[in-house]
Structures are given as structure tokens and as C-alpha cells.
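Asker: Give me coordinates for this.
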Amino acid sequence: MSTLVRTLRGFAVPTFSAARPDAALGPVTPGRRTLRVYFIRPSTYGDDGHVLHFRWGVIPSNTLPVLAGLAAGYARQRSDLCVQTVLWDEMVDPPLSVALIDSIRGRAATDGTQLLIGLAGVQTSQWPRARDIALQCRAVGLPVVVGGFHVSSHAPSREFLASVGVTVVIGEAETLFDGLMDDAVHRRLRPSYAVTDGMRARTGSGTVLVPAIAAAELPQLDPRYLSRFFNPTLTTLDTSRGCPFTCSYCAVQQVMGRTVRARDPRRVVEWVRDAHDRHGIRTLFFVDDDLFRSPRWDEVLRGLARLRRERRDLWFMMQADIESAADAADATPRGRGRRFVDLAAEAGCYSVFIGFESLDPVNLAWTHKLHNAPQSDRHDPRSDTAAGDRLLGRYRGAVDTWHRAGVSVHAGYMLGLPFDTPGCGRRGARALADIGVDLASFFVHTLLPGTEDYARAVAAGAITNHDFNEYDSMHYAGTHPVLAAREVEQEFRDAFRAFYSARRLAWSVGTAHRVHGLHLAARLGIAVQHLYFGYAVRRGWHPLLGGLGRRHDRATRRAVVTDAEAVARYGALRRPRPYEGGDQGEVEFAQPHAPLVPPS
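Answerer: Numbers count the residues shown, from 1 in each chain. Sure thing, here's the model as predicted:
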């Protein structure tokens, strides 16, 4: 019973009502300069044209608290300046309509504060929504900065933003943040900012300059923001950045590099202690691309295990590659993988996300993910039955290793890879269930800018859909050797429905996911997630990109698709209207751009 009570403490009742994110802003100190910064996570447009917006979210943004921490660090250095920070996530906060933007502008004018609008962590599927917000803000004279993987990887989007007076941040923000804020205060924002102080990290084709993060500011938690999620005792944290692998579908290597950098483990552990003791955090999602490859994972996990021995009820999810568990299964107890698995379990890991991606060794070879395959098949990948059985055996061994440690396994799986054939969705789902995978997330193979797959498709003229809103892991934008785009998307839906069948859902919930070896926290967590995944799939959105209780806002329904249409609609005022707090400058809107198309 005591175990059940401790486990249930990791969940909390979500908040049913919520104030606007800037409702609690304090009064402006007379005679003191104030900079009010809105860090906004734009959502995406659903297939029905409405902004995806939910009563409760599922996974909080990692970028927003990181930027809040950087802003707090900047404010400590500027005793002459008051910095007010607002975190606004369109997934769970009101979508930004023209009326809301006007109210933000009007309040700043009344208060006599400077404004800065920061559209943060923009992924490719969020680009159309981010662009529309940016143009509407510029139309009323508000200074706007956009950052994230998409603008860091896609030069045409950066050029478009520059043409309409929007500043772009390329790469990570830690070492350039203070300079950007100084420029915003003095109304001299540059067209773009990039890392100029840091270390050279390898990419798939060269190097990229990235900041050292050992002493970087840690995220700052916002209780109001966390209350907008179904489990308000959950938050995210990155203890390291970068990934050593060169997967052809992933842009991490190009933006963050293949040289993995880590935060100071002592500061990480103290941050977790404070999050638990002061903010009631019980569950963490470590968003490191691969915690097993962090050079400091041992110290982080030992520190978390120590916190648990001090009777703190802490649990966490993480991402790791399959070799962590394979090493643990094959090596001696003194092996690196064995230490990782055992220490992760001791530190409170209840779920590990592993990118399986495919059951076909040739697909793994095409995506440069041969580290998933057995060593004997890496130099001569084949699509025959024997090679497939060996790969499936390796996956099964990894699942069994984690289960023996009491940890559930969440598999990532891609559909629409070049060697997929009709029926691949159901076959993959059933195979994952057969080898004991507890949770599965399926993704349509998406051609993201900055990846090798995108470059290959552009060079071959193989991109058939240029609407970035649909680069969301649910729609197919390329040309497949065997399957039509709609067939790839159907395989995606079939996979989800096969894995989360009514019978499987009933078993998981009815037995509290009774899998041999799993401890109670893992079982309850998976049972709850089975319910949510089944709900999300049947409602038509990706479980990892949605929430609970969708809401619709007619005022923000999608009105344009291309960049040219967006400029024509939202940039009708050629010269932004200044507000009393000061604007970014008299930046004229450029002539409308043509739709984004691949070069010939």
C-alpha cells in the first residue's frame, strides 16, 4: 500500500480554469525602465484549419523554461532594468488572435514598457503558424525574434523573415542571449544572431559552433504554465545536448552537433532537488537526445539515486539508444551498459524511449541507423528473413533487459521509409507488441529541412507537398517507391490502431499493465498513457503533439498557406504602426515572396 501511495503522488489533479499567461504581471516601477518579453511557443494548424489548442497539454515545452532561465540570468546582471517574462504556449494557452496581439500592445503602451515578442523553439510544422503570428505582430510595430530548429536549418525561411523585419536566432541561445537582449533594450536588433562563442562540434558533413553548457543558466519553472498540463507535477530538463549518430532523418546533428555536451551534474541534481522541494515536481522527462551518450550520465544518475534515498518521490522518463540495453544484456556486470541500466532504475527511471524506427535492416542502412542492427549485419545489411529475425531478436533482448530492471519501453517507429511495403504499419505494430514493447509512437517519415533526407529529396525533385504545416509526422510529403502518399498515411493510422486496439487497451488498463518485472510506477504510467494514446489516435492528432479536450478558436483559423499569401493578408500595412513603448524600427515589408519550392 505504501508503494501505491508513493506512486500516486507522482500525479495531480489538473487545473480546470486558467488565467491568461500575462494576467499576473506586476506593476511597473515608476522611473525604472522595463522590458516585457513574451516567449511564445506557436502551435500548428489542424487539418480542419483551426489552431491545435487543448484544455490540458501532455508534455510541457522544454524551450520556454530554458529561455525564462536565461532571461532571469540576464535580469540579475541589469540592476537598472526590470525584465518581465511571460511564457505563452498556444497548445494550452489562448491562440494569439489579432485582438490578443492588440491587447498585448495596448497594455505595454499603457504601462510604458518596451515589448519583445520571441517565437521560440519553432519546428518545421510550426513554421506557418509562427510566420502568421510574426507578420501580425510586425504589422502593429512589435519587435519579433524567431528561433528554433526550422529557422536554424532552412535558409529560405530566414530570408523571408529578414525581408519583413523579423530577427532570426540560428542555433542555441545561451551565449548570444545577453547581447540580443541588450540590442532589444536599445532598439537596435540585428537581422540575425548566431553562436560566435563556444566550441566546434562535428556534424554529418562538417562542424558547427555550439555553446558550452556546463555553467549555463538552468530552466526557470513557471507554476502557472505547469498547471496547464494534465500532470502538473511533471516537467522537462535537458542534462546534455547533441547526438553522436548521423541518422539521415534527424536535424539534431546539424544544429546541435555530434559532440555531446553536458551540464554540470551537481547543478542538475540541485535543480531537481529544488524542483521537488519548492515546486512539487515528482516526474521528469529528460529530453537529452540520448542520455546514454552524455559524458556525465553516471554523475547525474548517482545524484538522482541519492535524492531518492533521501525519500524524495522522484521518477523520470528518458531517451537512450538500443546499444545501452544491448551492452547490458551481452556484457559483464561491470560493463558500461549494465551500469547504465541498473543505475537508471535505481535513480527512478520508469520509462525509456528507444528509436527502433524499422524492422527492416535495409531501411536502417538507408537512414544510417545501423547501430540498431546486430554487429554482424552492419557491413552487409540485407532484407532477408534471417537478417530480420536477428534484428527482431536484438530488439527483444533490449526490451527484456529494461523490463528486468523494472523499466518500461516506449518504442519510436517510422513508416514510409523507402523499403516499406503495403501492410508495413500493422506488421510493425504487431511485431512490437509481440516482443513486449509497452508503448509505441509511430511517425510518418518526414523530410525535415536540415536533414540528409530533405536534401536528397530536393535534389531528386521528390517533394510533392511544400506546405510545412503538414511536416508533422502524420502527413507524407515525398515520393515513395511503392506507396502513394495517402497509403503511407493510412499505414501510419493502421499501425496506431493495431497497437492500441480495444482489446490491448482493455488488458493494459484492466490489469494495470501487468508485465513481469515492471515496478508499479512503470505499470501505472503505461496504463494511463495507453488510455491517452488510444484517445488521441481516434480523435485524429498525434499523441505526442496534442493534449486533452481540444478547443476551437474561429478568430485564429488558418487563412493562408504560402508566404506570399501571408504577406498579402497580414502585411497589408506596408509601414508598421509604432506604439508608445517604442518599436523595432521603421522596417518596410518587402514585396510578396513566391511559394517555397525546391531549387531546380
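Asker: Neighbouring strands of the host helix or strand of W88 in the sheet, and parallel or not?
Answerer: Element membership for W88 (DSSP states H and E) is strand 81-89. Here strand 81-89 has these sheet partners by DSSP bridges: strand 33-41 (parallel).
Asker: If we go by neighbour counts, what in the strand it pairs with is buried?
Answerer: By neighbour count, and taking 16 or more other C-beta atoms under 10 Å as the criterion, the buried residues in strand 33-41 are 34-41. In short, each C-beta sits where N, CA and C put it, glycine included.
Asker: How far away from the center of its chain is it?
Answerer: Computed by C-alpha atoms, centre = their mean, to the nearest Å, the chain-centroid distance of strand 33-41 equals 22 Å.
Asker: Following the chain past that strand, name the next helix or strand.
Answerer: strand 53-57.
Asker: how far off strand 33-41 does the next helix or strand after that next one point, in degrees?
Answerer: The element immediately downstream of strand 53-57 (helix or strand, assigned by DSSP H and E) is helix 63-77. Taking axes from the mean of the first three to the mean of the last three C-alpha atoms, to 10 degrees, helix 63-77 and strand 33-41 form an angle of 170 degrees between their directions.
Asker: what's in contact with helix 63-77?
Answerer: 37, 39, 41, 81-83, 85, 87, 89, 118, 120-121, 148, 173-174, 177-178, 181, 217-222, 225, 235-236, 238 (C-beta atoms under 8 Å, 6 or more residues apart in numbering).
Asker: Export only the CA atoms of it, formatted as PDB.
Answerer: Provided in PDB are the C-alpha atoms of helix 63-77 (Å, rounded to 0.1, in the frame of the first residue of the first chain):
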ATOM      1  CA  THR A  63      12.400  25.600 -24.600                       C
ATOM      2  CA  LEU A  64      10.100  28.000 -22.700                       C
ATOM      3  CA  PRO A  65      11.600  27.400 -19.200                       C
ATOM      4  CA  VAL A  66      15.100  27.400 -20.600                       C
ATOM      5  CA  LEU A  67      14.500  30.900 -22.100                       C
ATOM      6  CA  ALA A  68      12.900  32.000 -18.800                       C
ATOM      7  CA  GLY A  69      16.100  30.900 -17.000                       C
ATOM      8  CA  LEU A  70      18.300  32.900 -19.400                       C
ATOM      9  CA  ALA A  71      16.100  35.900 -19.000                       C
ATOM     10  CA  ALA A  72      16.300  35.700 -15.200                       C
ATOM     11  CA  GLY A  73      20.100  35.400 -15.500                       C
ATOM     12  CA  TYR A  74      20.200  38.500 -17.700                       C
ATOM     13  CA  ALA A  75      18.000  40.400 -15.300                       C
ATOM     14  CA  ARG A  76      20.400  39.700 -12.400                       C
ATOM     15  CA  GLN A  77      23.100  41.500 -14.400                       C
END
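Asker: Report the buried residues of that helix.
Answerer: For helix 63-77, by 16+ other C-beta under 10 Å, it's 63-71, 73-75.
Asker: How about stretch 174-188?
Answerer: 174-178, 180-181, 183-185.
Asker: from the residues you listed, which ones fall inside helices?
Answerer: The helices, defined by DSSP state H, take in 177-178, 180-181, 183-185 from these.
Asker: re the thing from before, can you tell me which of the contacts of helix 63-77 are buried?
Answerer: 37, 39, 41, 81-83, 85, 87, 89, 118, 120-121, 148, 173-174, 177-178, 181, 217-222, 225, 235-236, 238.
Asker: Regarding stretch 49-67, how distant is the last residue from the first?
Answerer: Counting by C-alpha to C-alpha, to the nearest Å, you get 29 Å between the two ends of stretch 49-67.
Asker: mind showing which ranges of the protein have poor pLDDT?
Answerer: 1-17, 327-334, 572-600 (pLDDT under 70).
Asker: now the buried residues of strand 33-41 as JSON lines including distance to D264?
Answerer: Putting those into JSON lines (distance: C-beta to C-beta, whole Å) gives the following:
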{"residue": "T34", "distance to D264": "32"}
{"residue": "L35", "distance to D264": "29"}
{"residue": "R36", "distance to D264": "31"}
{"residue": "V37", "distance to D264": "26"}
{"residue": "Y38", "distance to D264": "30"}
{"residue": "F39", "distance to D264": "24"}
{"residue": "I40", "distance to D264": "29"}
{"residue": "R41", "distance to D264": "27"}
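Asker: Give the single residue among those residues positioned nearest to R200.
Answerer: F39 (28.6 Å; C-beta to C-beta).
Asker: wait, doesn't the closest one sit right on A120?
Answerer: Yes - F39 sits in contact with A120 when judged by C-beta atoms under 8 Å, with a separation of 5.0 Å.
Asker: ok, which stretches of the stretch 501-600 of the chain are helices?
Answerer: 502-510, 520-539, 563-570 (DSSP state H, counting those that start in this stretch).
Asker: what's the second one packed up against?
Answerer: If I follow you right, that is helix 520-539. Using 3 or more C-beta pairs under 8 Å, 6 or more residues apart in numbering; DSSP states H and E as the contact test, the elements touching helix 520-539 are helix 2-8, strand 349-357, strand 408-415, strand 439-444, helix 485-499, helix 502-510, strand 547-551.
Asker: Please repeat the previous calculation with a cut-off of 7 Å.
Answerer: Applying 3 or more C-beta pairs under 7 Å, 6 or more residues apart in numbering; DSSP states H and E, one finds that helix 520-539 contacts helix 2-8, strand 349-357, strand 408-415, helix 502-510.
Asker: List the contacts of the strand holding W88.
Answerer: Outside strand 81-89, the residues that touch it by C-beta atoms under 7 Å, 6 or more residues apart in numbering are 21-22, 25, 29, 32-41, 61, 64, 68, 71, 74-75, 185, 222, 225.
Asker: repeat for stretch 92-112
Answerer: By C-beta under 7 Å, 6+ apart, stretch 92-112 touches 20-21, 28, 36, 38, 40, 43, 51, 53-54, 56-57, 90, 115, 133, 136-137, 140, 142, 228-229, 547, 553, 555-556, 579-581.
Asker: If any of those residues are buried, put those into a PyMOL selection.
Answerer: Only the buried entries of the contacts of stretch 92-112 go into this PyMOL selection, using 16+ other C-beta under 10 Å:
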select buried, resi 21+28+36+38+40+43+51+53+54+56+57+90+115+133+136+137+140+142+228+229+547+556+579+581
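Asker: For the helices of the stretch 501-600 of the chain, please prepare JSON lines with the additional fields distance to R311 and mean neighbour count.
Answerer: Listed next are the helices of the stretch 501-600 of the chain as JSON lines, based on distance: least, C-beta to C-beta, whole Å; neighbours: other C-beta atoms under 10 Å:
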{"stretch": "helix 502-510", "distance to R311": "30", "mean neighbour count": "14"}
{"stretch": "helix 520-539", "distance to R311": "15", "mean neighbour count": "19"}
{"stretch": "helix 563-570", "distance to R311": "54", "mean neighbour count": "18"}
